[in-house]
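J.: build me a structure from this.
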Amino acid sequence: MYKFLDLKNKSLSKLKFILCVSFLLYFLSTNLIYSHSIQKDEDYLIPMGNLIQIDAELENLVVKNFIEGSSFCVGDSILKVNGTQVNSYKDFTDLLSNLSTKDDVAVLVKRGENTFSFKTTKNELEKVNCNNYISGFATLTYINPKTNRFGAVGHPISIGLARKVPIKNGNIYTTKDLTIDKSCRGHVGCINAVRKDVIGEFTHNSDFGIKGEIATFKDSLLKPYKVASLDEVKLGKAQIILQTGSYTKDAFDIQIVDIQLQHSPKAKTFKIKVVDKDLLALTGGIVQGMSGAPIVQGDKIIGAVSHAIENNPALGYAVYIKWMNEN
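T.: Numbers count the residues shown, from 1 in each chain. The predicted structure is shown next:
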């Protein structure tokens, strides 16, 4: 009787042990599968840092010069002249050639979000410097290795009061033969270069830069970085990746000195300070053309350079990478 109970107790203990082990193995395996699934679905981007030339055809003819006493403002889009649609600079000059110097001319313009008309003269229109093309330098921020989509610049392409100029079509190009005008207190310098090969196209121009598709790109030698959540970004050491020569890119030390805990997409998420002696010697701090330079912290991509501070070019602002990638 006692032996039977002893055997029964041993059998129950063994069964409990087997059940516990089975549950533990199941728990571990499901958690491993879950964590692997989470990791697999997380966003990864390749931080780039290449200086690019941006050439774009605008949807409208845009005023680019200030004329004292004129009704026009820099950034105005000229939509119609005397009721006739203006689609190109040729349309504009053809209309001008048929105008009389004696007559008032009705012009329809878009300024910011407002559209309105006013009267002007042929003489005033002849002083207007306007076209529907734009060109400049910025930095390629990232490429999505899954989609071959890219993001660049870190702020909108704008002209005067036209905060986000509508893009009809645009291309980005690699560059060579870089020259750098250094920043100093009261002066923001710039990077210039020679345009090389077209590598992508875009039409999207948002508050956080441009986005488009890379036409020629091989990612086999480039490391994807995980997109950081905003609460993962820490004050202190980080690095920007930047092209400094025709074929060279380097990582330079910066400090994240302030973080805005933004709950919706906004500019100037981080305040940054360039502390790398080599970069300060080369550029004097943040320069035009550096906008879009990716910022990494540890093994995560966290943002991109977006603005310089004129009275202290070692300081600047950066936008959170997720705002760029998702807007």
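J.: drop to CA atoms for contacts and neighbour counts, all remaining ones
T.: Will do.
J.: strands paired with the strand or helix carrying Phe118, and their directions?
T.: Applying DSSP states H and E as the criterion places Phe118 in strand 114-120. Using DSSP bridges, the strands paired with strand 114-120 are strand 105-111 (antiparallel).
J.: show me how far the partner strand is from its chain's centre.
T.: The chain centroid and the centroid of strand 105-111 are separated by 31 Å, computed with C-alpha atoms, centre = their mean, to the nearest Å.
J.: and if you look at stretch 109-125?
T.: Distance of stretch 109-125 from the chain centroid (C-alpha atoms, centre = their mean) equals 31 Å.
J.: buried stuff in it?
T.: Neighbour counts using 16 or more other C-alpha atoms under 10 Å place 109-111, 120-122, 125 of stretch 109-125 among the buried residues.
J.: touching stretch 67-86 from outside, list them.
T.: By C-alpha atoms under 8 Å, 6 or more residues apart in numbering, the list of residues contacting stretch 67-86 from outside reads 60-66, 87, 92, 95, 105-112, 118, 120, 124, 127-128, 158-162.
J.: would you show me how to pick out the buried ones of those in PyMOL?
T.: Buried members of these, defined by 16+ other C-alpha under 10 Å, are picked up in PyMOL with:
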select buried, resi 60+61+62+63+64+66+87+92+95+105+106+107+108+109+110+111+120+128+158+159+160+161+162
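J.: torsion angles phi and psi at the residue nearest the centre of the chain?
T.: Taking C-alpha atoms, centre = their mean, the centroid of the chain lies closest to Gly154, which sits 3.0 Å from it. Backbone torsions of Gly154, given as degrees, to the nearest 10, read phi 90, psi -10.
J.: and if you look at the one 4 residues further on?
T.: When quoted as degrees, to the nearest 10, the phi and psi of Ser158 stand at phi -140, psi 160.
J.: and the residue nearest to the centre of the chain, how far from Phe137?
T.: Counting by C-alpha to C-alpha, to the nearest Å, the gap from Gly154 to Phe137 is 12 Å.
J.: name the residues that touch whichever strand or helix holds Ile210?
T.: Ile210 belongs to strand 209-214 when assigned by DSSP H and E. With C-alpha under 8 Å, 6+ apart as the test, strand 209-214 has contacts from 143, 148-157, 199-205, 292, 324.
J.: stretch 241-254 too?
T.: The contact list for stretch 241-254, computed with C-alpha under 8 Å, 6+ apart, reads 47-51, 139, 175-178, 237-240, 272-276, 278-279, 290, 293-296.
J.: need the buried ones from those selected in PyMOL.
T.: In PyMOL, selecting the buried portion of the contacts of stretch 241-254, with burial taken from 16+ other C-alpha under 10 Å, looks like this:
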select buried, resi 47+48+49+50+51+139+175+176+178+237+238+239+240+272+273+274+275+276+279+290+293+294+295+296
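J.: can you report phi and psi for Ala281?
T.: The phi/psi pair for Ala281 (degrees, to the nearest 10) reads phi -70, psi -30.
J.: now do it against Ala314, distance only.
T.: Where Ala314 is concerned, Ala281 sits at a distance of 11 Å (C-alpha to C-alpha).
J.: try Leu279
T.: Leu279 is 10 Å from Ala314, by C-alpha to C-alpha.
J.: the helices in the stretch 201-327 of the chain, which residues?
T.: Taking DSSP state H, counting those that start in this stretch, the helices of the stretch 201-327 of the chain run over residues 277-283, 321-326.
J.: for the record, mean pLDDT for the last one?
T.: This means helix 321-326. The pLDDT scores in helix 321-326 average 94.
J.: how about stretch 129-142?
T.: So the average pLDDT for stretch 129-142 ends up being 94.
J.: below-threshold pLDDT in this structure: ranges please.
T.: 1-42, 161-162, 217-221 (pLDDT under 70).
J.: scan it for its longest strand.
T.: The strand that spans the most residues within the chain, counting by DSSP state E, is strand 190-206.
J.: just want the angle from that strand to strand 209-214.
T.: Inter-element angle recorded for strand 190-206 and strand 209-214: 90 degrees (by axes from the mean of the first three to the mean of the last three C-alpha atoms, to 10 degrees).
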